[in-house]
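Chemist: Structural data only, the sequence is not supplied:
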């Protein structure tokens, strides 16, 4: 098995919900990081085997964010990119998948990361495609609904995953 090494970590500053980054699309945040990495390392499209980005609150504006970030950062159209969702662990899962690709010899260089803009997370409706019946349209908050339905039908998560994480932190005395 080949050895996977994490090199040149790059990130944007962290903002608060509805804060100074609220009007910046998640694709811009992701491509800014990739652009910085490319400038810092002088890697080229020919060097990169894949771009894997995790995003827990994906939206219709940023499908396959790994691919969009790569293209928006100026990489060639030949560079593949994907998006994965493992909720709050999405960015870490991207790093794990990248390491696995290198360890198995499938890839030599994989860019991995995570991108999120909860401030840009949308409200959506599932019923409008086929016309509106009645006087109103129901909208869902993409921040709220996934928090409570992440356990599927059979394992509902009361209060959502954020509350679950806080409860586990308290129960097992895990520090922040």
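Modeler: Here it is on my side, so go on. As the structure is a computational prediction, the values presented were derived from the model and not from experiment.
Chemist: most centrally placed residue in the protein?
Modeler: Among the residues of the chain, residue 55 comes closest to the average C-alpha position under Cα atoms, centre = their mean, at 1.4 Å.
Chemist: Contacts only, for that one.
Modeler: Shown in contact with residue 55 (Cβ atoms under 8 Å, 6 or more residues apart in numbering): 26, 62, 65, 83, 84, 85, 90, 114, 115, 116. Where you see a C-beta, it was placed from the backbone N, CA and C, and this is true even at glycine.
Chemist: tell me which element residue 111 falls in.
Modeler: strand 110-114 (DSSP states H and E).
Chemist: so what strands line up beside that strand?
Modeler: Counting by DSSP bridges, the strands paired with strand 110-114 are strand 50-54 (parallel).
Chemist: for the protein, what helix or strand is lowest in average pLDDT?
Modeler: The helix or strand of the chain with the poorest confidence is helix 145-149; it has a mean of 76 (mean pLDDT, DSSP states H and E).
Chemist: And the residue nearest to the centre of the chain, how close does it get to residue 61?
Modeler: 11 Å (Cβ to Cβ, to the nearest Å).
Chemist: anything in contact with each of these two?
Modeler: Joint contacts of residue 55 and residue 61 (Cβ under 8 Å, 6+ apart) are residue 26.
Chemist: contact partners of stretch 37-51?
Modeler: Contacts of stretch 37-51 (Cβ under 8 Å, 6+ apart): 7-8, 10, 34, 66-67, 69-70, 73-76, 78-82, 98, 101, 106-112.
Chemist: So among those, which ones count as buried?
Modeler: 10, 34, 66-67, 69-70, 73, 75, 79-81, 98, 101, 107, 110-112 (16 or more other Cβ atoms under 10 Å).
Chemist: quick revisit: how far does the strand holding residue 111 sit from its chain's centre?
Modeler: 10 Å (Cα atoms, centre = their mean, to the nearest Å).
Chemist: next SSE after that strand?
Modeler: Tracing the chain C-terminally past strand 110-114 and defining elements by DSSP H and E, one meets strand 123-124 next.
Chemist: Show me what that next one is packed against.
Modeler: Helices and strands touching strand 123-124, by 3 or more Cβ pairs under 8 Å, 6 or more residues apart in numbering; DSSP states H and E, are strand 140-141.
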